[in-house]
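> okay, here's the prediction I keep looking at, along with the sequence it came from:
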Amino acid sequence: MTQIENTSNEKPTAGRDTEVSKSVGVDEVEPVITQRDPNSTGEKTVLTPEMCQRIAAMYGKKAEDDNLAPSRDVQYIVDKIQSMTEEEAIRILTEAVEYHSNDPNFPQMTMEKIKLLLQGPKVYVATGNEGNEARDYEFDLRTEAAIIHYHSPYPEVRSVTAPGDDPDAPCETFRAYFLGLILMSGATAINTFFSPRQPSISLSATVLQLLIAPAGWGMAKVMPDWGFTLFGTRVSLNPGPWNYKEQVLTTIIFSMSSSPAGTYYVYLVQQLPQYLGHRWVTFAYEIVLALATQLFGVGIAGLLRRFVVYPSTAIFPKVFPSLALNRALTLPEKKGEVINGWALSRYRFFLYAFAIMFVYFWIPNFLFKALRSFNWMTWIAPENFTLAMITGFWGGMGFNPWATFDYNVSGVGDFLITPWFSTIQQYAARVLSGLIIIGMYWGNMYWSAYMPINSNEAFANDGQRYNVTRVLNEKMNAIDLDAYREYGPPFFSGANVFGQGAWFAWYPMTLFGVTISYWDALKKSAKDMWTGLRYRKSIYECYKDPFTRDIAKYREVPDWWFMVILGGAFALGVVALEVWPVSTPWWALLCVIGISAVMLIPATLLMASANVTMGFNVLFQLLAGTWFVGNPEALIIVTAFGQNFDAQAMDYISGQKMGHYAKVPPRAVFRGQVIGVIINCFIFVGMLDWMVSSYDDGTLCTWANKQHFVCTNAVLVFTSSILYGAFGVKNMFALYPILPYCFIIGSVIGITFGLTRRYGSSIKDYFRRTSSESRFASLEKWCFSPLSALHWFDPAICWSGALNWTGGNNLSYATNGVYLAFIFMYYIKRHYLAWWEKYNYLLEAGFGVGIAISGIVQTFALDFTGVGDKLDWWGISVTTAGVDFRAYNQNATLYSIPDSGYFGPSPDQYPMNFS
């Protein structure tokens, strides 16, 4: 058998994105793999450039005419192949098969190839169609093992990261903190100011990334190299050229803390006279509550590192566009590279994508708005109610094969980021749930035909919007029973009722399904966390993937640091609940923490593997409405803690994963996140108080506000507090008795799936051993073979698609995105992987930045000046001329109100469970 040996002691340099392709010449990769000639005495020969090309092609998983990966990345793998023994390669691949056995993101073709390699050269050669020889078996064996052991088996991860690390690259520098905190502060102020506006204006993290690189380059050129030595390390104002690690650290600082915290709208509801009108809401209260919710997110994120940051199966698609853009902005490329006929560098491709979308977005967003809301079937018969409700973009269900020409609509679901298996499952559930809602509506289930089909509003029994102030007492904090008996309970649209039930089913489905499926890994992570806390054991000892091995040279963040953050956040939370009259006992905070700790693990696993984000507002509204009947303010506080704890935790976990991929020292990430979140809280609270005091005419958060600061989210917070808190969960379940059963349905599905996935292979092996050949063949055909689909199917991922209804959200926001996902995340990824690895995430980033900046320019140039209202022609008016748009404005229903003047139960049958 051919022996591959090492003749090079040169240490590869990682971190530069210089690429190689066939048009450039594979000799860019040093021909350092050598083979021993069996006919000579110790003489060594260098492999041909064609063999080096084969390495690059295998590394990129591409056909030989269609590669390649960055040459330095290939060189790094080449060097590792030389020193790897066959026994080591077999061990690595054996462990990989076991570790990734139920991993839907692991490339299936790669898994099949690895399984063939592990069966030995005879089987591998016999099943090959390319004339494999013994040398090819050994070569492929080591190459696959080296890619897994020294970089990543996932093409998505390889496309935005580099193998190896340069520990000497400056990272936690003055200029990184300066730029990160300056941009974070400016973005927080701007986003806080415009957040109540409709439509809102925001500076996204991707937009800010464009400013970092030129600012960093400028500081590197003009700042002096002044510094000092601290503990043997030189600290300088200008340690050299602006580099990739500084870029990523700066991104982490501002991307996690550049918007107002979730308590923003809580403060508005508590302060403003049209809501609760509390005069005791002060700057001190707001700061204490904001720091409590934000710091809890940081603390819990740190404790979850073992579950979702360090495991390599937690790929976190959400961070890929940011990493891809940072590489394009900071790492130079080899000129002349051609991939599938494309010679554009990453940076130039991003600029083209940005420029094209910046210009194009003016068309659907301003000049020809019918292209955005392309409800073309309703143009044929604008007054056809059935057609509008089923196919409509605005108030309908959106069953339209081509619903938009606006990427801002079709890209809502991150379709160029989310794995294909996740996208198609979510879309299937979305279609199914839409059909169920249509059936509910035409069957008038729960009086839904008297209301619009797809609305998130609450309605009175006369079909008008529910006016919650009519049933509240003078203090606006409890139900006036006499007024309630006269006015009646709130009713919800068919889509809203279904959505509530879907959420109630999804929570236990996710909790049980994910926990049972990943029980062994979760148990190991929990045990490691306990051991680390008790014995100060290093987290690095538990994980041996290449990224963890690379950052093991940096000092880790001890678990007790995060425990201190959690303790401080809990103390601040208790202070907020006990010092100020928020009508919420301190023990509610303990309940929120316990529930969050349980739910966050499966939620972050879903986000890490399938890019599914799990919101917790419905869960905590339900719990608070059960705990504190008739207390809307307690519901606001509990929901604020629960929802923001979890949302912030997932954001900070994403930042830690980004730092993990970029080999940013963990303590640098920790310091950046903690400093950023503290400054963010003071800025957004100060900005909010200034806004409240500036609008002394009482128009803030009203439709009379001239600057369109109508605060739609504050309205939702207040309305939810009344419906769940004052009206109560018991009364809601009395009107809609199917809702509590949704928890049981979700639990049964989750437990069944989890047990089937966990023990399915063992059960199959049992029947194979104990059954006759004919009986087992029948079981295989009708039972085990169909169940093999569970390898990629997950009800928690699938059913998340059923949640996306009401409030103008319908199938129109998903169909075109699925087309994009099929093209880029399935077809191109399978057939043109090198192109996909180089450009896909940059396309997403470029389009996103183009839309964001174009939207900001259009808002200031057109909306603020009134120019946008003057353009009026068929291409703008046709999309809103009909029943579809009237339904969006709650003015179109299937049934008219009965002659009695109301629908639903009679007044003597109103639910009255207020104790």
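On my side now, so go ahead. Numbering: from 1, shown residues only.
> for the rest of this, base every contact and every neighbour count on C-alpha atoms.
OK.
> surely residue 702 meets residue 710?
Yes - when contacts are counted by CA atoms under 8 Å, residue 702 is listed as touching residue 710 (4.9 Å).
> okay, the two: which has more neighbours?
When neighbours are counted by other CA atoms under 10 Å, residue 702 and residue 710 differ, and residue 710 comes out ahead with 21 against 15.
> the residue nearest to the more buried one when sequence neighbours are not counted sits in which helix or strand?
Nearest residue to residue 710, sequence neighbours excluded (CA to CA, 6 or more residues apart in numbering): residue 701, at 4.1 Å. Assigned by DSSP states H and E, residue 701 belongs to neither a helix nor a strand.
> quick one: contacts for residue 701?
By CA atoms under 8 Å, 6 or more residues apart in numbering, the contact set of residue 701 is 196, 709-712, 714.
> what do you get if the cut-off is 10 Å, keeping everything else the same?
196-197, 268-269, 272, 274-275, 692, 695, 708-715 (CA atoms under 10 Å, 6 or more residues apart in numbering).
> that one and residue 714, how far apart?
If you measure residue 701 against residue 714 using CA to CA, to the nearest Å, the figure is 8 Å.
> pull up the overlap in contacts between those two.
Contact with both residue 701 and residue 714 is made by residues 196, 268-269, 275, according to CA under 10 Å, 6+ apart.
> which residues in the stretch 101-250 of the chain form strands?
Secondary structure of the stretch 101-250 of the chain (DSSP state E, counting those that start in this stretch): strands at 227-230, 233-236.
> kindly apply the preceding question to the stretch 551-700 of the chain instead.
With DSSP E, counting those that start in this stretch as the criterion, the stretch 551-700 of the chain has no strands.
> pLDDT weak spots in it?
For the stretch 551-700 of the chain, no stretch is flagged by pLDDT under 70.
> same deal with the stretch 251-400 of the chain?
Within the stretch 251-400 of the chain, the stretches with pLDDT under 70 are 332-341, 343.
> now with 90?
254-265, 272-279, 297, 301-304, 306-308, 327-348 (pLDDT under 90).
> the stretch 701-850 of the chain too?
701-728, 756-793, 804-809, 830-838, 848-849.
> which residue is the nearest non-sequential neighbour of residue 868?
Leaving aside its chain neighbours, residue 868 sits nearest to residue 862 (4.6 Å; criterion: CA to CA, 6+ apart).
> who touches the one you found in this structure?
Residue 862 sits in contact with 366, 856, 868-870, where contact means CA under 10 Å, 6+ apart.
> so which of these is the most crowded?
Taking other CA under 10 Å as the neighbour criterion, residue 366 ranks highest of those with 18 neighbours.
> thought residue 861 was touching that one, still the case?
No - applying CA atoms under 10 Å as the test, residue 366 and residue 861 come out as separate, 11.4 Å apart.
> overlap of the contact sets of the two?
Counting by CA under 10 Å, 6+ apart, the common neighbours of residue 366 and residue 861 are 855, 868.
> can you give me the neighbour number for residue 380?
Close neighbours of residue 380, defined as other CA under 10 Å, add up to 10.
> repeat that for residue 486.
Using other CA under 10 Å, the number of residues around residue 486 comes to 11.
> just give the nearest non-adjacent residue to residue 887, would you?
Residue 887's closest residue in space is residue 395 (CA to CA, 6+ apart), at 4.6 Å.
> can you check residue 642 too?
Nearest non-adjacent residue to residue 642, counting by CA to CA, 6+ apart: residue 592, 5.7 Å away.
> tell me who's in contact with that neighbour.
If you count contacts by CA under 10 Å, 6+ apart, then residue 592 has 620, 623-624, 638-639, 641-643, 645 around it.
> buried only: go through these for me.
The neighbour-count test (16 or more other CA atoms under 10 Å) marks 620, 623-624, 638-639, 641-643, 645 as buried among these.
> any chance of CSV for the residues you listed, columns distance to residue 158?
Output for the buried ones among the contacts of residue 592, formatted as CSV (distance: CA to CA, whole Å):
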residue, distance to residue 158
620, 39
623, 43
624, 44
638, 41
639, 39
641, 37
642, 35
643, 33
645, 32
